[in-house]
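**Q** sequence-free structure coming up:
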């Protein structure tokens, strides 16, 4: 399916993807791409439910609360609220910490109810952009769903875009004005908002340590409510997600990497949304690796004949370059360090992920963070040797140990590098 970009239009709904023309021939009925379900049709049907409710130029509803900051044209970017055409408790729509166990259809169904209002600002000089900026900032800080009304220049439309970094959302429209109700700020985010001498990294860490959900911190971070006053700016949503995971992960590592090592090999296993996870913790100093195996007919390997494998790793001294895997690397590293911090130990960690064809569309970095968290809450298997652990890994995963090792920096190092323990 790699190749030219294609578009198909049904009513006011525009669907975007990349392909060789198979989709226009298949029309979601013949499964020519090999997937069990057409990801474009999953999105289409979810939006069809929403279209009659958003066929207006003035939209009102209870925002979860949710905001979005675009990245195209940075620093000139579009910002705005995400508004569903319904009232009441809509918090589930923008709280990925609560999505574990849900199907892709369920997640897509309520995410596509969120209509994005777009208002262009200068991210580095946002204070001159007026009351809409203030409203968006206050919305991102608000603790519970709040009524929002937006006036658009035209009826919302939009392209469906696959993105493994950001949660999907519904159609969008250029926003002329915005009015919101009054709501209480989340207490930790409010504190960092008014403390204009507090560095952004310290604001993120303080909020996290005091119990604020990571998804809420990411929203506040993205709308310029953290940091020293003169340095504050809006940050594109996809950048803020990774930045917050990275900041928290590095903070935890300042402690965990100097803890005592665990005593044996541990293996945690998990299966969700046709993603299989094996997390191996080794009794050694800190090192970390994420290995992702994308099967043919999955989102990032749609036309492949073989499994695509990509990996990134770090050792005790950390990384100097951005991970090729992207935000998933930093989300999973943070989650592993949460466990190590709670136990007061350190370890080498290798996360093996198989994405099978049932994972028909990406739903955001949260999927990796929350699945690794959930996996690490299960009861692990304990082994004296790595060979014993491989027996259980190969029962869970289709890919054999030789392939995992071939694509791993950490596992190859473990097998080749001599350690002091080897001499006892």
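**A** Perfect, I can see it now. A quick note: this is a predicted structure, and the numbers were derived from the prediction, not measured.
**Q** is the closest residue to residue 177 other than its chain neighbours in a helix, a strand, or coil?
**A** Using Cβ to Cβ, 6 or more residues apart in numbering and skipping residues adjacent in sequence, the residue nearest residue 177 is residue 151, 4.6 Å away. Where C-beta positions appear, they are placed from N, C-alpha and C, glycine not excepted. With DSSP: H, G, I helix; E, B strand; the rest coil as the basis, residue 151 sits in strand.
**Q** ditto for residue 211
**A** Per three-state DSSP, residue 211 ends up coil.
**Q** what is the burial count for it?
**A** Counted by other Cβ atoms under 10 Å, the residues lying close to residue 211 total 9.
**Q** cool, and residue 82?
**A** Neighbours of residue 82 (other Cβ under 10 Å): 26.
**Q** give me the phi and psi for it.
**A** Per-residue torsions, residue 82: phi -110, psi 120 (degrees, to the nearest 10).
**Q** please name the bridge partners of it.
**A** residue 116 (DSSP bridges).
**Q** which stretches in the stretch 101-250 of the chain count as strands?
**A** For the stretch 101-250 of the chain, strands defined by DSSP state E, counting those that start in this stretch occupy the ranges 115-122, 146-152, 158-160, 172-180.
**Q** winner for burial among those?
**A** Ranked by average neighbour count under the criterion mean count of other Cβ atoms under 10 Å, these are headed by strand 115-122 at a mean of 21.
**Q** now do the helices in the stretch 51-200 of the chain.
**A** Remark: helices assigned in the stretch 51-200 of the chain by DSSP state H, counting those that start in this stretch are 104-111, 131-141, 187-194, 200-209.
**Q** what's the pLDDT at the closest residue to residue 242 other than its chain neighbours?
**A** Nearest residue to residue 242 in three dimensions, chain neighbours excluded: residue 327, at 3.9 Å (Cβ to Cβ, 6+ apart). As predicted, residue 327 sits at a pLDDT of 95.
**Q** my guess is residue 327 meets residue 367, correct?
**A** No. With contact defined as Cβ atoms under 8 Å, residue 327 does not reach residue 367; the gap is 10.6 Å.
**Q** right, and the residue nearest to residue 177 touches residue 57 too?
**A** Yes. Assessed by Cβ under 8 Å, residue 151 is found in contact with residue 57 at 6.7 Å.
**Q** tell me who's in contact with the residue nearest to residue 242.
**A** 164, 165, 238, 241, 242, 245, 365, 368 (Cβ atoms under 8 Å, 6 or more residues apart in numbering).
**Q** so how many other residues sit close to residue 187?
**A** 13.
**Q** check the gap between it and residue 303 for me.
**A** Counting by Cβ to Cβ, to the nearest Å, the gap from residue 187 to residue 303 is 50 Å.
**Q** ditto for residue 408
**A** For residue 408 relative to residue 303 (Cβ to Cβ), the value is 26 Å.
**Q** a markdown table for the contacts of residue 327, including distance to residue 87, neighbour count and pLDDT?
**A** As requested, those are exported to a markdown table (distance: Cβ to Cβ, whole Å; neighbours: other Cβ atoms under 10 Å; pLDDT from 0 to 100):
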| residue | distance to residue 87 | neighbour count | pLDDT |
| --- | --- | --- | --- |
| 164 | 32 | 18 | 76 |
| 165 | 30 | 19 | 83 |
| 238 | 29 | 21 | 94 |
| 241 | 28 | 28 | 97 |
| 242 | 33 | 20 | 97 |
| 245 | 32 | 27 | 98 |
| 365 | 29 | 26 | 94 |
| 368 | 32 | 26 | 97 |
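**Q** just name the closest of the residues you listed to residue 211, please.
**A** Nearest to residue 211 among the contacts of residue 327, counting by Cβ to Cβ, is residue 245 at 17.1 Å.
**Q** the closest one touches residue 336, doesn't it?
**A** No. The criterion here is Cβ under 8 Å, and residue 245 misses it with residue 336 at 11.5 Å.
**Q** can you list the buried residues in stretch 374-392?
**A** 374, 375, 376, 380, 381, 383, 386, 389, 390 (16 or more other Cβ atoms under 10 Å).
**Q** so what's the last one closest to, chain neighbours aside?
**A** Pointing back at residue 390 there. Using Cβ to Cβ, 6+ apart, the closest residue to residue 390 is residue 401 (4.8 Å).
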